[in-house]
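Participant: The sequence isn't on hand, but the structure is:
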Ligand SMILES: Nc1ncnc2c1ncn2[C@@H]1O[C@H](COP(=O)(O)OP(=O)(O)OP(=O)(O)O)[C@@H](O)[C@H]1O
Ligand SMILES: [Mg+2]
């Protein structure tokens, strides 16, 4: 019996007031088990990014609950929330968000250093992660000297550097061509096999097809589910 | 199947089991459904049509004793086949008509049909992608799987377009 690492109850997020009010996330009940990969798909503007931001404590919900690793997220203080995001959650964004003046290995070790690991331990872990994402020969490169696919793999290695409870990815291949997408695809497939819990928002059916479950979102609500786990 | 077997024979005169092995290599996991008898049935038909002949060879037993070769007519047919530009299934006409008919007769909600179809295609995509990831780099069969993956991806994009179109149309049930 696996337990949910991430859970929401009646999660809701509204923007604006009066007639201009938008319910970006509408009564979402979700439970993500340890080691599970869940993909969220849906048309532009349906609320996928907002949902991911609520899950990761980047935004506060208008109503409902978010629980991560057994702790309620939406009621935490800003400080506790910042620590949770830093130590327990790995974020991957469409635009990579690497620091341009830091090398690949320096970018990857930042979260571990912020979390209080020793520089030596952080460096060892960062080099190991870059090796795992196939970039052992690019550790000293600046982001500007890397291709889009390589940058995204650095960002994924960075997301893994604190051994997060969950990795949250928003359109991780949105800026990548087909070949670079295939690299990220292989990487997600391997993370999945290694038991990493992963929630990925994507328009890319190939990325979604690596998941155990695909949730379809429409107008802020989860309206359909495709279960891919098990029978091959 | 007939054209494929003819083309496989173009390399050199071969036993039936050699053709089968070449076909398996080219198709990879997608060739698993192929049964051993099919090659021989096809060879017999091609022989009757005058496109292949055979000579007995010393080794092997039964039908594997035969070494098949193209006749001049067979060679001509292979050349023709290679220059044909037909492309199977250029449009998802069936499903399109299903949606149109379902909406017109108010038989079913087009969006529910799209959802069901999407679930099915996502499962097929998952299977094809897993098979593709399992192929060694540079495998010929992997290239075929990639073709299958890319087509499914395109079909899924089209389903998104269908969803949008049928959501905004008034004649939804
Ligand atoms: N900060 C904000 N202020 C006001 N409205 C917002 C804000 N963020 C999102 N929204 C609105 O909430 C809805 C959902 O937006 P969201 O970015 O979550 O969609 P999405 O599914 O991620 O879209 P895309 O696929 O284009 O990235 C949209 O209508 C959007 O305009
Ligand atoms: Mg978004």
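Facilitator: In hand now; what should we look at? Since this is a predicted model, take the numbers as computed values, not measurements. Numbering: from 1, shown residues only, chains lettered A, B, ... in the order given. Ligands and ions are numbered 1, 2, ... in the order given.

Participant: which parts of chain B sit against chain A?
Facilitator: Proximity of chain B to chain A (CB under 8 Å from any CB of the partner chain) is limited to residues B:115, B:118-119, B:121-123, B:125-127, B:129-130, B:133, B:149, B:152-153, B:156-157, B:160, B:163-164. C-beta here means a position set from N, CA and C on the backbone, and glycine is covered the same way.

Participant: Look up phi and psi at residue A:217.
Facilitator: Per-residue torsions, residue A:217: phi -110, psi 140 (degrees, to the nearest 10).

Participant: about what we covered before: type out the ChimeraX command that picks the buried ones from the residues of chain B next to chain A.
Facilitator: Buried members of the residues of chain B next to chain A, defined by 16 or more other CB atoms under 10 Å in any protein chain shown, are picked up in ChimeraX with:
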select /B:115,118,119,121,122,123,125,126,127,129,130,133,149,152,153,156,160,163
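
Participant: Show me the residues of chain B next to chain A that map onto helices.
Facilitator: B:115, B:118-119, B:121-123, B:125-127, B:129-130, B:133, B:149, B:152-153, B:156-157, B:160, B:163-164 (DSSP state H).

Participant: Which strands and helices lie in contact with the helix or strand bottoming out on mean pLDDT in chain A?
Facilitator: Ranked by mean pLDDT, DSSP states H and E, the weakest helix or strand in chain A is helix A:178-193, scoring a mean of 90. When contacts are defined as 3 or more CB pairs under 8 Å, 6 or more residues apart in numbering or on different chains; DSSP states H and E, helix A:178-193 packs onto strand A:37-41, helix A:148-160, strand A:198-201, helix A:205-208, helix B:110-134.

Participant: Indicate which one of the ones you listed is closest to residue A:228.
Facilitator: Residue A:228 lies closest to helix B:110-134 among these, at 4.9 Å (CB to CB).

Participant: Need the residues that contact that closest one.
Facilitator: A:185-186, A:189, A:205-206, A:208-210, A:214, A:216, A:224, A:226, A:228, A:232, B:28-30, B:95, B:98-99, B:102-103, B:142, B:145-146, B:148-149, B:152-153, B:155-156, B:159, B:162-163, B:166-167, B:172-173 (CB atoms under 8 Å, 6 or more residues apart in numbering or on different chains).

Participant: Tell me who's in contact with residue B:4.
Facilitator: residue B:23.

Participant: buried residues in the helix or strand containing it?
Facilitator: If you go by DSSP states H and E, residue B:4 is part of helix B:2-9. Within helix B:2-9, the residues that qualify as buried are B:3-9, counting by 16+ other CB under 10 Å.

Participant: Tabulate these (CSV), appending pLDDT and distance to residue A:73.
Facilitator: Shown next, in CSV, are these (pLDDT from 0 to 100; distance: CB to CB, whole Å):
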residue, pLDDT, distance to residue A:73
B:3, 93, 61
B:4, 92, 58
B:5, 93, 62
B:6, 95, 65
B:7, 94, 61
B:8, 93, 61
B:9, 94, 66
